[in-house]
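*Asks:* Any chance you could fold what I've pasted below:
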Amino acid sequence: MKKYMIALYIRLSLEDAKTDSMSISSQRSILREYASELPEYTNAELMEFVDNGYSGANFERPAVQELLDLVRANRIDCIMVKDFSRFGRNSLETGYFIERVFPLFHTRFISVNDDFDTQKLKGDTGGMEVAFKYLISEYYSRDMSVKTKTAKYLKFQRGECQSKICPYGYRKGENGRMVPDPETSEVVQKIFEYAVNGMNAADIARELSRQQIPTPGEHKARKGIKTHDVSRTHGMWCNSTVLRILADERYMGTYVIGKREVTEIGGHKMRSKAESDWIKIPDHHIPLVNEEIFSKANASIQRFKIPNRKKHNYLLRGKVICGCCKHALHLANGTSYRCRFSSTIPSLDCYNIHIREKELNQLVYELLCKQFQVAFGVDSLADLRKVDTVALRQADFDRQIFELQEEKRKLYESLVSGGIPLPKYKEQKEQISERLLEVQNTKAVVMARLEAEQEERHHQRQQMDISRMLTESDGLTSELVDLLIDKIYVYPDKRVDVEFKIRDSLAAHK
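*Replies:* Model (predicted):
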């Protein structure tokens, strides 16, 4: 006899972890005890799905996604949760699953603390009482978000630093407050002093490197803080680092928060906010420079900036790398590539790197032609037709699955209307379920083959497109660069190494 599958869904968010009644063990105990009282328990099999540390504001949770996949595969007879909020706090999505999806797959849904059981409701959705509970759960999620933000803001006002790492020149003192770092605060003050005295960012970077002052990255590494590969900088300061320090308002005691925000409640994607929406907290911590020095330093640096300078949109923009120090090369005067980083390190080999833009474009184009001009087989169209045949079979499987699901739905309606006795219903339902499972398994095999063949066809189409583009072009184009080139390394002897995006295609034809 087929087992009655009961899915126990348990969710614990970071906020819930502070409450014993919401703990995983507490939820598990409540659900197992309730399940043991069901008449179906004697022939039941329990499955647990646990999302630990996930918000209920959306359904992007691994365990709930696994559960929903099993529901769609008709492998779950009953879902049980402690309350609606454990399943989800978004009223629209929660209601959609409970009222639309689960009835379609004849999956029973039980919320223990809410005394909600779709089997008892017999098609009714629970009315206003259930809808109100959905909204309460959603309001709780939004309220927690607001309270969390408010608590963080109050800590900022007290002078506490909420970031794990303080900006260069500071360290965390007692009670989490940001205080000047005796090792680096004088370096920051020196940078502002140099700028006020008329030095530009490149001159300041050279001077700091000459004095062998550790860069911010090296300082972090020495403190055991995870950072980028500092060996690439060779102990030398960059212009961009100097400019970033000079523009940071935190050095005059003002802390800035709210530069970015999440795009949706419970989500992780961030977006930048307009500066007018930033929250600035003056006198948050001890300043390293006063407002007058900060303003003079930035005004001095602005003198060296070329107003309204047009960017040269050259073909290989952002892809040409120095083979020695691994920093990006820039197009000096719009004609030749040079290593900007070498201006602070004349002793490095990259100081001698110099290659004209036209020369590099031609070298890269010739290399592309050599690598990608491959003769392709003539059976490509026949192969594409095979994919279409498999696609037609996929559509046929979908039709069969839909018909079987409709047959199961009509059978259930016959049972409810009294047109068929329960034993006969169970027998026929099991037969339909077996046929449905067989079709779904066959479809899965076909789909796996389809995906493999489609991937192969995709490679073939790519190769044909590349061959056509190279044949039709007289030189390097932006289309070829975007499609094929990842990085280009240039060395002092004008040797050029190209990293291609489509490595599989190259490997297949070597």
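
*Asks:* Next SSE downstream of the strand or helix carrying Leu404?
*Replies:* Secondary structure assigned from DSSP states H and E places Leu404 in helix 380-417. As assigned by DSSP H and E, the chain's next helix or strand after helix 380-417 is helix 422-472.

*Asks:* mean confidence for that following helix?
*Replies:* Mean pLDDT, computed over helix 422-472, is 80.

*Asks:* other SSEs contacting the helix or strand following it?
*Replies:* The first helix or strand that comes after helix 422-472 along the chain, using DSSP H and E, is helix 478-484. In this structure, helix 478-484 packs against helix 357-372, helix 422-472, with contacts taken as 3 or more C-beta pairs under 8 Å, 6 or more residues apart in numbering; DSSP states H and E. (Glycine included, C-beta is placed from N, CA and C.)

*Asks:* in this protein, what secondary structure element scores lowest on mean pLDDT?
*Replies:* Here the helix or strand of the chain ranked lowest by mean pLDDT, DSSP states H and E is helix 503-508, holding a mean of 47.

*Asks:* Make TSV out of the helices and strands packed on helix 478-484 and add mean neighbour count.
*Replies:* As requested, those are arranged in TSV below (neighbours: other C-beta atoms under 10 Å):
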stretch	mean neighbour count
helix 357-372	16
helix 422-472	14
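
*Asks:* Would you format those helices as JSON lines with distance to Trp237 included?
*Replies:* Output for the helices and strands packed on helix 478-484, formatted as JSON lines (distance: least, C-beta to C-beta, whole Å):
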{"stretch": "helix 357-372", "distance to Trp237": "28"}
{"stretch": "helix 422-472", "distance to Trp237": "42"}
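
*Asks:* Those: which one's closest to Lys296?
*Replies:* For the helices and strands packed on helix 478-484, proximity to Lys296 was assessed by C-beta to C-beta; helix 357-372 is nearest, at 38.5 Å.

*Asks:* the inter-axis angle of the closest one versus helix 422-472?
*Replies:* An angle of 130 degrees separates the directions of helix 357-372 and helix 422-472 when computed by axes from the mean of the first three to the mean of the last three C-alpha atoms, to 10 degrees.

*Asks:* Counting by contacts, list what helix 357-372 packs against.
*Replies:* strand 336-339, helix 422-472, helix 478-484, strand 485-490, strand 496-500, helix 503-508.

*Asks:* which one of these lies closest to Thr215?
*Replies:* Thr215 sits nearest to strand 336-339 of all the helices and strands packed on helix 357-372, at 17.5 Å, using C-beta to C-beta.

*Asks:* Give the rounded mean pLDDT of stretch 284-301.
*Replies:* Averaged over stretch 284-301, pLDDT sits at 91.

*Asks:* Pull the distance from it to the chain's centre.
*Replies:* 36 Å (C-alpha atoms, centre = their mean, to the nearest Å).

*Asks:* quick one, phi psi at the closest residue to Gln362 other than its chain neighbours?
*Replies:* Setting aside the residues directly before and after it, Gln362 is nearest to Gly475 in space (C-beta to C-beta, 6 or more residues apart in numbering), at 7.1 Å. Phi and psi for Gly475, reported as degrees, to the nearest 10, are phi -170, psi -170.
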